[in-house]
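Peer 1: Give me a model of this one.
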Amino acid sequence: MMDPSPHPRVSDDLRRILDLANGQSLTVADIIRQTRGRGLQMISIVLSLPFLSPVAIPGLSIPFGIAIAICGLRIAFRHQPWLPEFVSNRHIAFPVLEKTLQFGIAVHVRLEKFLRSRWSVLGEGPAARMGAGLAIALSAVFLSLPIPPPFPFTNTIPGFAIILLALGLLETDGLVVFFGYLLMLLSAAYIALIVFLGGTGAAKFWQWIGSFP
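Peer 2: Sure, this is the predicted structure:
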């Protein structure tokens, strides 16, 4: 009997998207087609990649945040993949695509060395899907908030939370899902701090940080 084909890796899908682009911009719909029907979790991962940079990318956080939130809710309630046209028809320029996909490939190659099926209460089953899906949706809301400087990482932390939650579900790795929950809670705490400090408090906060040698 032949061995079953190896489980497809997220990093391989990201390489395929980069090869498809070949120096050209792609629409979100083009990218989704290259996920080979791997579902809402894969879509959430791909749409989160532009936000892994510590600097916010203008013009993407709101539409992509909305799209990821829709994916999260559809994961939670076990619906089929769907995105609104204003997101699926949006073009992503090749320089942004190349930078984010190469970084995403590097991150996922490292993560994939540790992925395995464990902590099934968080990684598989209807309750796990609902919890992780709602956490993805909430993280997407955090990601889409128009928070101005001087606060860094306002997109990065929820972006990583989404990736860990979605990747954990794809690989039925409850430990990875657990770390995704932790990052979601960190995002919530960070945003609460921003709201509490306000603009003046933010300036003083960073002056205090800069005072350390």
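
Peer 1: which element is I162 on?
Peer 2: Assignment of secondary structure by DSSP states H and E places I162 within helix 156-170.

Peer 1: quick check: mean pLDDT across that helix?
Peer 2: Average pLDDT, helix 156-170: 92.

Peer 1: give me the number of residues near the nearest residue to I136 once chain neighbours are set aside?
Peer 2: The shortest distance from I136 to any non-neighbouring residue, by C-beta to C-beta, 6 or more residues apart in numbering, is to G72 (3.3 Å). In short, each C-beta sits where N, CA and C put it, glycine included. Residues lying near G72 (other C-beta atoms under 10 Å) number 26.

Peer 1: Then F77?
Peer 2: Count around F77 with other C-beta under 10 Å applied: 12.

Peer 1: now it: how far from A127?
Peer 2: 13 Å (C-beta to C-beta, to the nearest Å).

Peer 1: same check, this time on A76
Peer 2: For A76, the distance to A127 - C-beta to C-beta - is 10 Å.

Peer 1: These two - which one has more neighbours?
Peer 2: Remark: of A76 and A127, A76 carries more neighbours, 19 against 10, as counted by other C-beta under 10 Å.

Peer 1: which residues sit in contact with the more buried one?
Peer 2: 129-134, 137 (C-beta atoms under 8 Å, 6 or more residues apart in numbering).

Peer 1: Mind checking which of those residues are in strands?
Peer 2: Per DSSP state E, strands hold no members of these.

Peer 1: that older thread, for the one helix or strand the residue nearest to I136 maps to, which residues meet the burial criterion?
Peer 2: Using DSSP H and E, G72 maps to helix 61-76. The neighbour-count check on helix 61-76 (16 or more other C-beta atoms under 10 Å) flags 61, 63-76 as buried.

Peer 1: Equivalent analysis for stretch 29-39, please.
Peer 2: Buried-residue list, stretch 29-39, by 16+ other C-beta under 10 Å: 30-32, 34-35, 38-39.

Peer 1: Can you measure across stretch 22-29, start residue to end residue?
Peer 2: Distance between the two ends of stretch 22-29: 16 Å, counting by C-alpha to C-alpha, to the nearest Å.

Peer 1: Identify each buried residue in that stretch, please.
Peer 2: Those buried within stretch 22-29 under the rule 16+ other C-beta under 10 Å are 26, 28.

Peer 1: Kindly report the same for stretch 99-106.
Peer 2: 100-101, 104-105.
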